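Asker: Quick one, structure for this:
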Amino acid sequence: MSRQSRKPKRVIWIGCEGESEVSYVGLLKILIAEKNLPFHLFSANLGSGAGDALARVDLAIRKLDHFKITREKPHKSFMLLDTDQNHATPDRYEMAKAKALGKQITILWQDPCFEGLILRHLENCSTRRPPDANTANTDLKRQWPEYTKAMSAQQLRKRLDQSSLCQVAQVEPEFRNFFQALGII
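Answerer: Below is the predicted model of the structure:
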C-alpha cells in the first residue's frame, strides 16, 4: 500500500484589530478545513495596547517579528483594520500603509468597521456602505438580530458561508484577492 505525501500547509499570519476579527479568521479556518486547503491561519489579536492604524501596524510588526523567531516565517501576512478613524489622522494613516507595505503586510480595510464588512456578507446587503460604526452596528442588527460583537467562529458559520465570501469579493477587491490567495473562492 503506497502512502501519498501530504503537501505542507502554508502559514498565513493575520493581525486582527480585535476579538471579532479573530473569530472571523476562525470562520475562515473552518472554511479552509471544509475544503481541505493547504493553509494554516494564525491570528494575532492587536486589540489591547494599540490605538489608530499606525499604532496597530507597529504592534503587528512587533508580533510578526516575534512570530518569525518563535515559529516560522509565514508564507504571507495580512491585517484586518477598520477605516473609521483614518480620517482623524490622515498622516498616521498614510504612515501605517507605508510601514505595512515595507514589511510585506497586506492591510485588509474594513469599511467603516468590522460590522460594516459583515453586513456586506449578508444576502441583498453587498452594496451597503454605512457612513460610520454606529450606523454599521444598527444596520447589521436589523439584518441579523442575533449578531453580537465577538461571536465565535462557529456562530458566524451558522450564517456565513462560501457564497457570503463570494458576495463580499464582488465589492471588496482586497478581500477578493485575499480569499483567492487562500483558495476559498
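Asker: SS state for the most centrally placed residue in the chain?
Answerer: Nearest residue to the geometric centre of the chain (C-alpha atoms, centre = their mean): L80, 4.1 Å. Assigned by DSSP: H, G, I helix; E, B strand; the rest coil, the conformation of L80 is strand.
Asker: do the same with A44
Answerer: Per three-state DSSP, the secondary structure class of A44 is strand.
Asker: if we can go back for a sec, please tell me I have it right and the residue nearest to the centre of the chain contacts V22.
Answerer: No: L80 is beyond contact range of V22, at 9.1 Å (criterion: C-beta atoms under 8 Å). For the C-beta atoms, the positions are set from N, CA and C on the backbone; glycine is no exception.
Asker: who touches both of those two?
Answerer: The contact sets of L80 and V22 overlap at C16 (C-beta atoms under 8 Å, 6 or more residues apart in numbering).
Asker: Which strands and helices lie in contact with the lengthiest helix in the chain?
Answerer: Determined from DSSP state H, the single longest helix within the chain is helix 53-70. Judged by 3 or more C-beta pairs under 8 Å, 6 or more residues apart in numbering; DSSP states H and E, helix 53-70 is in contact with strand 10-16, strand 39-45, strand 76-82, helix 90-102, strand 105-110.
Asker: now those in a markdown table, with distance to G183?
Answerer: Shown next, in a markdown table, are the helices and strands packed on helix 53-70 (distance: least, C-beta to C-beta, whole Å):
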| stretch | distance to G183 |
| --- | --- |
| strand 10-16 | 10 |
| strand 39-45 | 7 |
| strand 76-82 | 12 |
| helix 90-102 | 23 |
| strand 105-110 | 16 |
